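Trainee: here's a sequence, model it:
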Amino acid sequence: MRVNEVVEIINGHLLNDPEISSFGNITSSLQKVCSGSLFIATNQDDAKEAIKLGAYGILFEDGDLQIIDDECAWIRVDSLQDATTRLIRYKLLSRNIAFFYLKNIEFEIAKELATDPTLSFLDGDHSEFLEITQKQGIQKIITNNPTLLDIPLDYTSSMIPDHEPFKIISCTLFDSKIYFDSKRYTLSLPSIFLGYLSSVITLFLNEEIYFSLGNFESIPYLQPIFITSKGIRCPYGQSGRVLLAEKRQDHFQYYADYIKENAKWAKICLFVPSTKSDLFPECMTYEDADSLLESLEKYSFNFALILGIDTAFLVNHLPTSQEEKSLFND
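Mentor: This next block holds a predicted model:
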């Protein structure tokens with residue numbers, strides 16, 4: 001972009017008269033500064049480093065940054081966030097980039113399915129948004145970050161359709177078999193999430209976004225961890241004891257109701273941190289990681305749903321073979 005064009009778009013003030021006429025890219029990351037960059041600086045040290053890396057210009061907020069190289073363009077603005085927003089809007093409009101908003105679960109499903117080379121996923125902040133709008137070939141952006149929705153002048157949200165774009169063949173607690181586009185698919189997706197799958201597929205079809213159900217592997221929600229009676233992790237489906245972890249309270253209750261409704265035959269244990277006992281008086285409580293692991297050894301269950309931890313905690317704290325020292329037996 002030409003220097004005077006950038007200054008006009010962001011309502012900036014060019015403080016000197018450099019010989020350079022344009023910028024190759026705009027970034028707030030030193031790791032992405034190269035010859036010709038306009039660097040968005042928040043302090044003098046980063047500005048110095050960017051110039052060493054080949055930056056042609058420094059964009060900064062009204063403050064105490066000093067011009068240290070007259071060969072670079074020094075552009076001052078009242079607000080860096082406002083300037084970044086203006087640059088993003090310009091890129092979206094000038095490159096005709098479509099912007100979409102999905103809920104978190106839909107976002108993860110969409111990442112699994114998408115094969116469109118013109119599509120990019122955004123779960124970061126303004127800086128990442130600006131970076132993505134400058135990538136060659138990008139025509140569509142999907143985000144799950146609601147704080148970014150005031151940036152584009154227009155965006156499209158997902159909607160669960162009245163009728164699924166696929167036929168449900170059968171479901172278990174953690175798998176779904178469906179028929180779509182003349183093919184059968186077995187997805188590691190609990191039936192509780194099929195509505196979200198419907199909304200993603202419908203959006204992709206309506207917006208002509210390329211995708212493949214054959215790409216789907218899993219999403220980081222309601223992931224089962226199978227364990228033996230001695231607390232050893234084992235392969236999927238090779239045990240009658242399943243652990244499920246969830247950090248969010250609303251998801252925890254949602255999943256608990258789902259399991260109770262679809263596994264009425266099962267013995268279900270619900271664990272919550274002791275600090276949440278007032279909110280979940282019917283659940284068992286734990287004080288810390290050690291007491292949780294002790295409780296999982298103590299109680300018999302088919303499904304144990306745990307609030308306050310994630311799947312990574314279970315993966316990191318449970319051994320995978322008899323030879324490994326079990327944390328339950330410390």
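Trainee: okay, CA-based contacts and neighbour counts for the rest of this
Mentor: OK.
Trainee: check contacts around the closest residue to Asn104 other than its chain neighbours.
Mentor: Computed as Cα to Cα, 6 or more residues apart in numbering, the closest residue to Asn104 that is not its neighbour in sequence is Asn144, at 5.7 Å. Contacts for Asn144 (Cα atoms under 8 Å, 6 or more residues apart in numbering) come out as 101-104, 107, 122-123.
Trainee: and of those, the nearest to Ser182?
Mentor: Lowest distance from Ser182 to the contacts of Asn144 (Cα to Cα) belongs to Phe107, with 25.1 Å.
Trainee: is it correct that that closest one is in contact with Thr143?
Mentor: Yes: under the criterion of Cα atoms under 8 Å, Phe107 makes contact with Thr143 at 7.2 Å.
Trainee: how about low-confidence regions in this protein?
Mentor: 321-330 (pLDDT under 70).
Trainee: what's the domain layout of it?
Mentor: For the chain, automatic domain parsing gives the domain ranges 3-78, 89-157, 167-215, 225-329.
Trainee: quick one: end-to-end distance for the third one.
Mentor: Domain 167-215 has its terminal residues 18 Å apart, counting by Cα to Cα, to the nearest Å.
Trainee: what about that domain, distance to the chain center?
Mentor: 20 Å (Cα atoms, centre = their mean, to the nearest Å).
Trainee: centroid residue for the chain?
Mentor: Nearest to the mean C-alpha position of the chain, by Cα atoms, centre = their mean, lies Asp123 at 4.8 Å.
Trainee: residues touching that residue, list them.
Mentor: Listed by Cα under 8 Å, 6+ apart, the contact partners of Asp123 are 143-145.
Trainee: distance check, it against Lys247.
Mentor: For Asp123 relative to Lys247 (Cα to Cα), the value is 19 Å.
Trainee: kindly report the same for Asn43.
Mentor: Taken as Cα to Cα, the span from Asn43 to Lys247 is 36 Å.
Trainee: got the phi and psi for the closest residue to Leu65 other than its chain neighbours?
Mentor: Among residues not flanking Leu65 along the chain, Gln44 sits closest, at 5.7 Å (Cα to Cα, 6+ apart). Gln44 has phi and psi values of phi -70, psi -40 when expressed as degrees, to the nearest 10.
Trainee: surely Gln44 and Gly63 touch.
Mentor: No: at 10.4 Å, Gln44 does not count as touching Gly63 under the criterion of Cα under 8 Å.
Trainee: neighbour count winner among these two?
Mentor: More neighbours surround Gln44 than the other of Gln44 and Gly63, with 15 against 11 (other Cα atoms under 10 Å).
Trainee: from the contacts of Asn144, list just the buried residues.
Mentor: Buried members of the contacts of Asn144, counted by 16 or more other Cα atoms under 10 Å: 101-103, 107, 122.
Trainee: restricted to strands, list those residues.
Mentor: Judged by DSSP state E, the subset of the buried ones among the contacts of Asn144 located in strands is 101, 122.
Trainee: closest to Glu71 out of the buried ones among the contacts of Asn144?
Mentor: Within these, proximity to Glu71 (Cα to Cα) peaks at Leu122, which comes in at 34.5 Å.
Trainee: so who does the closest residue to that closest one other than its chain neighbours touch?
Mentor: The spatially closest residue to Leu122, leaving aside those adjacent along the chain, is Thr143, at 4.7 Å (Cα to Cα, 6+ apart). Contacts here follow Cα under 8 Å, 6+ apart; on that basis Thr143 touches 99-102, 107, 121-123.
Trainee: give the buried residues for stretch 108-127.
Mentor: Within stretch 108-127, the residues scored as buried using 16+ other Cα under 10 Å are 108-114, 116, 119-122, 126-127.
Trainee: tell me which of the residues you listed fall in strands.
Mentor: 119-122.
Trainee: tabulate these (a markdown table), appending distance to Pro152.
Mentor: Output for those, formatted as a markdown table (distance: Cα to Cα, whole Å):
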| residue | distance to Pro152 |
| --- | --- |
| Leu119 | 16 |
| Ser120 | 15 |
| Phe121 | 15 |
| Leu122 | 13 |
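Trainee: who is Ile142 paired with across the strands?
Mentor: Phe100, Phe121 (DSSP bridges).
Trainee: how many residues are close by it?
Mentor: 21.
Trainee: isn't it up against Phe100?
Mentor: Yes: between Ile142 and Phe100 a contact is recorded at 4.7 Å, counting by Cα under 8 Å.
Trainee: tell me the secondary structure for the closest residue to Leu14 other than its chain neighbours?
Mentor: Using Cα to Cα, 6+ apart and skipping residues adjacent in sequence, the residue nearest Leu14 is Ile75, 4.6 Å away. When classified by DSSP: H, G, I helix; E, B strand; the rest coil, Ile75 comes out as strand.
Trainee: which residues sit in contact with Ser277?
Mentor: Per Cα under 8 Å, 6+ apart, neighbours of Ser277: 283, 285.
Trainee: Thr228 too?
Mentor: Per Cα under 8 Å, 6+ apart, neighbours of Thr228: 234, 239-241.
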